[in-house]
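>>> need the 3D shape of this:
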Amino acid sequence: MKVTQVAEHIYLVDLELSGIEGFVASYVLKGKQVAIVETGPASTVKNLLSAMKELNVEPEDVAYVAVSHVHIDHGGGAGTLALEHCLNIYQKPSSLFTQGEHHT
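Below is the predicted model of the structure:
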């Protein structure tokens, strides 16, 4: 797991899925409130939590967890964070549908 500051208040967390660097990442935004963008798969939640600790962020500090769409590499860890740390998960409603389905 590697944390890189990419802008003021924005940190990229390389989640090192299966030990592979640069493949799956999350972002931690530290402003007036803390947000996580993308959780990565459930198998990388431990790495995300370690990165948060490195950034002095406790799970109870997180106001938002945003997941762009329902693919395992983007939001697979969302359930773990929601269940084990009582975090609220946000995503746009249209991302709930599978690729190729279009609903208005």
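>>> the closest residue to E54 other than its chain neighbours pairs with what?
Spatial nearest neighbour of E54, chain neighbours left out: V3 (5.5 Å); criterion: CB to CB, 6 or more residues apart in numbering. In this view, the C-beta of every residue, glycine as well, is placed from N, C-alpha and C. Per DSSP bridges, the residues bridged to V3 are V13.
>>> close enough to count as contact, V3 and E16?
No. Look at V3 against E16 with CB atoms under 8 Å: they stay out of range, at 11.4 Å.
>>> spell out, range by range, the helices that occur in the chain.
Ranges of helices within the chain are 45-54, 72-75, 78-85, based on DSSP state H.
>>> can you put the ones you listed in JSON lines and add distance to E8, mean pLDDT and mean neighbour count?
Putting the helices of the chain into JSON lines (distance: least, CB to CB, whole Å; pLDDT from 0 to 100; neighbours: other CB atoms under 10 Å) gives the following:
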{"stretch": "helix 45-54", "distance to E8": "18", "mean pLDDT": "96", "mean neighbour count": "18"}
{"stretch": "helix 72-75", "distance to E8": "24", "mean pLDDT": "65", "mean neighbour count": "18"}
{"stretch": "helix 78-85", "distance to E8": "25", "mean pLDDT": "81", "mean neighbour count": "16"}
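>>> distance to V62 added to those, as JSON lines?
Shown next, in JSON lines, are the helices of the chain (distance: least, CB to CB, whole Å):
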{"stretch": "helix 45-54", "distance to V62": "8"}
{"stretch": "helix 72-75", "distance to V62": "15"}
{"stretch": "helix 78-85", "distance to V62": "8"}
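>>> can you pull out the strands in the protein?
2-7, 10-14, 25-30, 34-37, 62-66, 89-90 (DSSP state E).
>>> spatially central residue in this structure, please.
T39 (2.4 Å; CA atoms, centre = their mean).
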